[in-house]
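Enquirer: model this:
(chains A and B)
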Amino acid sequence: MSKNPPPDSQAIHWFAWLTAVATFFLVIAGALVVGYDAGLAVPDWPLSFGTWMPPMEGGVFYEHGHRMIAATVGLLTTVLAVWLGWKDPRRWVKKLAGVAWVAVVVQAILGGLTVLYLLPIPILIAHACLAQLFFCLILSLVLFTSPAWERAAGPAETIPGAGFEQLAAAATGALFLQLALGAALRHKALGEAPHLAGAGVAGFLVGWVCYRAVTELGECDAVRKLTKWVGGILSLQLILGLGAYSFRHATTGLAEPQTFVVFLTTAHVVGGALLLGSSLILALLSYRRQAVPEKASSLAGSPQRTWA
Amino acid sequence: MIRSNWSWLAALFLALTVAGCGGGQPAAEQPAGDAAPAAPAAAPIDPATVATITGKVAFTGQAPPRVRIRMDAVPACTQASPDPAYVQEVVVNDNNTLQNVFVYVKEGLGDRSFPATTPEVVIDQKGCMYTPHMLGLVVGQKLRIKNSDPTNHNIHPLPKENREWNQSMPPGSADLVQEFARPEIMIPVKCNVHPWMITYIGVQRHPFFAVTGADGSFEIKGLPPGNYVIEAWHEKFGTFQQNVTVGASETKQVDFSIQG
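Expert: Numbering: from 1, shown residues only, chains lettered A, B, ... in the order given. Reported below is the predicted structural model:
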């Protein structure tokens, strides 16, 4: 049984989308800062050269641009958290929105520390990891405020075999670890071998999820459709990773960052974020499908049952 | 159960990121203030007996084509210096010698410290290039940094033995005066605003160093007689060493040859 969503729900959902898109651009901007070695182009923080708006040239364009998008994302997240806290009836969604707000504040502080302490590697890696987690948190809020979350609780055409949701969760966890290894590689804390090994493990798990979804779920199933996207992004991601690796080696020793290599590496980072995010959505929908039918029957007609 | 599990799961992920994704190296270097163990005072040098080492750094092989730096997108850079700028990494002179090679006495002086011959060395940021591209300093000698450009620069040395710092220099700002507390070969200095800008600083306990110029030659004067190891350092080709013995008031020629 599903109720009509309250009037605010659709607006909140689209606002969560807006925040997710802004966060996506923030991930791109962050990857460009690293690619162009512009993290210290602005030596002070939170101001830039003592002002709010320095001339946007050279590395300042990337570093200060990153700060401007981050400020926008911080503002959007604050509004989203307040809005959900005020209007959403589910306590766990309110809490999750609060966690997202804390994450964006911590992320801003980590960003400041990278500047003030001249790019300490542990802080850089934590900043990169939290960026991916924050993107996942916002995508989760997009899902939890969407009609798809409600639909996933309803009866499904087909149910995957046992352990599908755990497999999807394991693939998501492996992707996150792989992104952390990628960040460690980019910031020269680790070599290439761990990231390459991680690619094998994460790629295998994601591929397995895709295979099981295609063989066990019906044509029109939302989870199956999503796995096609996940599989596509995985293929693209492997190509981008191979390209970034090859061209980076070919241009080793050149004094300046090479634009083509920066673009390839940035695309690889952004592809990783998209892959992680879509894999997380897939895992959440799978758990929702497994968890709710029993609960739905037990809570049928209960006034506690809400629009999502 | 499920309701509370979602938020706990999110909080756990967040905590794991901040706590667990770091690892690795210490965050910052030691400050320079506690550095530079006091070296023994310099034994007096008799000016009548000092020796000189001269030489050239020859380049063999095919000289690489010079790569032009594209600053067209930054008018403030071309405004100060309309002439085209080139990457300084490998500069082969007309006489097949190599420019920007740091030649210094690596061994033979013991732990003795010697005073600098000049109170300070100047480095300028002009046309979004560092001038000079390479220089030497004695420990504690002042480095005066100027910004002659109508644009922001940041100046950011990347030492391994000294304290790292990063400072902004807006146009028209006062000169920045810094010094390095420990000997180090070599310290790259970058501007992260203009990624092509790079210079190298060699810091020594003594003033017996030189940088090859437009004729590829160098001269190290005022050396006490003795046995020395002379090292030539180049940013692309690495280091090359030669042993030399100089007697009182003697001038010796030490030439290097670097294969491109």
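
Enquirer: Just the mean pLDDT for stretch B:188-196, thanks.
Expert: In this model, stretch B:188-196 has a mean pLDDT of 94.

Enquirer: Quick one: end-to-end length of it, please.
Expert: End-to-end distance for stretch B:188-196: 12 Å, by Cα to Cα, to the nearest Å.

Enquirer: do that stretch and chain A meet?
Expert: Yes. Under the criterion of Cβ under 8 Å from any Cβ of the partner chain, stretch B:188-196 makes contact with chain A via B:Asn192, B:Val193, B:His194, B:Pro195, B:Trp196. Any C-beta I mention is one placed from the backbone N, CA and C, and that applies to glycine too.

Enquirer: By neighbour count, which of those residues wins?
Expert: B:Val193 (32 neighbours; other Cβ atoms under 10 Å in any protein chain shown).

Enquirer: thinking again about what came up before, present the residues of stretch B:188-196 next to chain A as JSON lines; the columns should include distance to B:Pro44.
Expert: JSON lines is the format used below for the residues of stretch B:188-196 next to chain A (distance: Cβ to Cβ, whole Å):
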{"residue": "B:Asn192", "distance to B:Pro44": "45"}
{"residue": "B:Val193", "distance to B:Pro44": "47"}
{"residue": "B:His194", "distance to B:Pro44": "46"}
{"residue": "B:Pro195", "distance to B:Pro44": "47"}
{"residue": "B:Trp196", "distance to B:Pro44": "46"}
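
Enquirer: Below-threshold pLDDT in the chain: ranges please.
Expert: Since no chain was named, I'll use chain A. Low-confidence segments of chain A (pLDDT under 70): A:1-7, A:253-256, A:291-308.

Enquirer: my bad, the chain I had in mind was chain B
Expert: In chain B (pLDDT under 70), the answer is B:1-43.

Enquirer: one more time with 90
Expert: B:1-48, B:65-84, B:110-119, B:260 (pLDDT under 90).

Enquirer: What about residue 220, how many residues nearby?
Expert: Since no chain was named, I'll use chain A. Neighbour tally, A:Cys220, other Cβ under 10 Å: 9.

Enquirer: hmm, I had chain B in mind actually
Expert: 23.

Enquirer: CA atoms of whichever strand or helix holds it as CSV?
Expert: Secondary structure assignment for B:Ile220, by DSSP states H and E: strand B:217-223. The C-alpha coordinates for strand B:217-223 follow below in CSV (Å, rounded to 0.1, in the frame of the first residue of the first chain):
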residue,chain,number,x,y,z
SER,B,217,81.9,27.7,-17.6
PHE,B,218,82.2,28.0,-13.8
GLU,B,219,84.8,29.4,-11.4
ILE,B,220,85.2,28.6,-7.7
LYS,B,221,87.6,30.9,-6.0
GLY,B,222,89.2,31.3,-2.6
LEU,B,223,89.6,27.6,-1.8
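
Enquirer: Can you tell me which helices and strands that strand packs against?
Expert: strand B:51-60, strand B:102-107, strand B:209-211 (3 or more Cβ pairs under 8 Å, 6 or more residues apart in numbering or on different chains; DSSP states H and E).

Enquirer: Output the ones you listed in JSON lines; the columns should cover mean neighbour count and distance to A:Lys225.
Expert: Below are the helices and strands packed on strand B:217-223 laid out as JSON lines (neighbours: other Cβ atoms under 10 Å in any protein chain shown; distance: least, Cβ to Cβ, whole Å):
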{"stretch": "strand B:51-60", "mean neighbour count": "19", "distance to A:Lys225": "63"}
{"stretch": "strand B:102-107", "mean neighbour count": "22", "distance to A:Lys225": "62"}
{"stretch": "strand B:209-211", "mean neighbour count": "20", "distance to A:Lys225": "65"}
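
Enquirer: Turn the ones you listed into a markdown table, columns for distance to chain A.
Expert: As requested, the helices and strands packed on strand B:217-223 are exported to a markdown table (distance: least, Cβ to the nearest Cβ, whole Å):
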| stretch | distance to chain A |
| --- | --- |
| strand B:51-60 | 18 |
| strand B:102-107 | 17 |
| strand B:209-211 | 19 |
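
Enquirer: Of these, which is nearest A:Gly30?
Expert: Closest of the helices and strands packed on strand B:217-223 to A:Gly30 is strand B:102-107, at 36.6 Å (criterion: Cβ to Cβ).

Enquirer: strands paired with the closest one, and their directions?
Expert: The sheet places strand B:102-107 alongside strand B:209-211 (antiparallel), strand B:226-234 (antiparallel), with pairing taken from DSSP bridges.

Enquirer: what does the first one contact?
Expert: Which is strand B:209-211. B:100-105, B:132, B:134-136, B:202, B:218-220 (Cβ atoms under 8 Å, 6 or more residues apart in numbering or on different chains).

Enquirer: Among those residues, give me the pair with the biggest separation.
Expert: Among these, B:Val105 and B:Pro132 lie farthest apart (Cβ to Cβ), at 20.3 Å.

Enquirer: Which element, helix or strand, includes residue 124?
Expert: All of this refers to chain A. Counting by DSSP H and E, A:Leu124 is found in helix A:121-144.

Enquirer: was after chain B, sorry
Expert: Judged by DSSP H and E, B:Asp124 forms part of strand B:120-126.

Enquirer: For that strand, name the packing helices and strands.
Expert: By 3+ Cβ pairs under 8 Å, 6+ apart, strand B:120-126 packs against strand B:129-131, strand B:134-138, strand B:142-147.

Enquirer: that older thread, list the buried residues in the strand holding B:Ile220.
Expert: B:Ser217, B:Phe218, B:Ile220, B:Leu223 (16 or more other Cβ atoms under 10 Å in any protein chain shown).

Enquirer: How about the third one: what's its closest non-neighbour residue?
Expert: Closest residue to B:Ile220 apart from its sequence neighbours, by Cβ to Cβ, 6 or more residues apart in numbering or on different chains: B:Ile53 at 4.6 Å.

Enquirer: Among the contacts of strand B:209-211, which one sits closest to chain A?
Expert: Distances from chain A to the contacts of strand B:209-211, taken as Cβ to the nearest Cβ, are shortest for B:Asn100 (13.2 Å).

Enquirer: was I right about the closest one contacting B:Met134?
Expert: Yes. Counting by Cβ atoms under 8 Å, B:Asn100 does reach B:Met134; the two are 4.8 Å apart.

Enquirer: OK, contacts around residue 54?
Expert: In the absence of a named chain, chain A is used. A:Val42, A:Ser48, A:Val60, A:His64, B:Asn152.

Enquirer: Chain B was what I was after
Expert: So B:Thr54 contacts B:Ser217, B:Phe218, B:Glu219, B:Ile220, B:Thr251, B:Lys252, B:Gln253, B:Val254 (Cβ under 8 Å, 6+ apart).

Enquirer: Check the stretch 51-200 of chain A for the residue nearest chain B and tell me.
Expert: Counting by Cβ to the nearest Cβ, the stretch 51-200 of chain A gets nearest chain B through A:Pro122, at 3.0 Å.

Enquirer: so how many other residues sit close to that residue?
Expert: 18.

Enquirer: what helix or strand is A:Phe247 on?
Expert: Applying DSSP H and E, one finds A:Phe247 within helix A:222-250.

Enquirer: helices or strands up against that helix?
Expert: helix A:192-216, helix A:259-298.

Enquirer: tell me how far the longest one is from the chain's mean position?
Expert: Here helix A:259-298 is found 7 Å from its chain centre; the criterion is Cα atoms, centre = their mean, to the nearest Å.

Enquirer: Present the helices and strands packed on helix A:222-250 as TSV; the columns should include mean neighbour count and distance to A:Leu96.
Expert: Below are the helices and strands packed on helix A:222-250 laid out as TSV (neighbours: other Cβ under 10 Å; distance: least, Cβ to Cβ, whole Å):
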stretch	mean neighbour count	distance to A:Leu96
helix A:192-216	17	24
helix A:259-298	20	11
